[in-house]
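Engineer: sequence-free structure coming up:
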Ligand code: SF4
């Protein structure tokens, strides 16, 4: 926990923080976030020690910034790998649950997420693009991608941790290249976006228009979706 506190201090120093609506957080709100974060981490450590959640050993130094060109396109894919699992054990019994010495490269990622809204589960992991991109930048090898999800619980609730594994391989990497090529062509990226076509793809969040991080929400709503009094008949 001391390491976590030191890491927090280093990362927060001299920075500003904003909520998803773009409001700047004040000192009290940042302190509240610190207390919540340490509580969630504490819950994770307690569950690992008790054997309720697997203990994942890391193979190589964690936190690696990796990138690779996307073949057939002008783009580079980039990711920040949190850790490379070398063994998954139960800390309580010492039982090896997964030795990670198989045909897959094992990559791990820590997530925090809501327990109630759009919570992490196997299907969410299986359709997520991140494992595909990370497998791609690590050399397009078959990948076993480990999510360690620390759900944001309130102080009166029990900690909630999930360990979800999803797999990716050649077919996924081929699809990823096609996806990036489609994007390159529809945006006319190779021609500096000169004849690019851009379509809004909003996602509703908490009953509000578009939950994506974007500075153009008002403009996007007015230009593309605001129907005024027109009934669209
Ligand atoms: S609000 Fe922004 S992110 Fe959402 S659809 Fe419009 S342009 Fe895209």
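Structural biologist: Alright, I've got the coordinates. Just so we're clear, the structure is a prediction, and the values are computed from it rather than from any experiment.
Engineer: So the most centrally placed residue in the chain: helix, strand or coil?
Structural biologist: For the chain, residue 111 is the residue whose C-alpha lies nearest the centre (CA atoms, centre = their mean; 6.1 Å). Judged by DSSP: H, G, I helix; E, B strand; the rest coil, the three-state class of residue 111 is strand.
Engineer: ranges for the strands of the chain?
Structural biologist: 55-58, 64-69, 76-81, 85-89, 96-98, 105-113, 143-151, 160-168 (DSSP state E).
Engineer: before we move on, the earlier item: contacting residues around the closest residue to the residue nearest to the centre of the chain other than its chain neighbours?
Structural biologist: Spatially, and ignoring its direct neighbours in sequence, residue 111 is nearest to residue 149 (4.7 Å; CB to CB, 6 or more residues apart in numbering). C-beta: built from backbone N, CA, C; applies to glycine. Residues in contact with residue 149, defined by CB atoms under 8 Å, 6 or more residues apart in numbering, are 111, 112, 113, 120, 161, 162, 163, 164.
Engineer: Repeat that for residue 158.
Structural biologist: Residue 158 sits in contact with residue 43, where contact means CB under 8 Å, 6+ apart.
Engineer: List phi and psi for it.
Structural biologist: phi -70, psi 150 (degrees, to the nearest 10).
Engineer: Residue 80 and residue 64 touch, don't they?
Structural biologist: Yes: the pair residue 80 / residue 64 is scored as a contact, 7.4 Å apart, by CB atoms under 8 Å.
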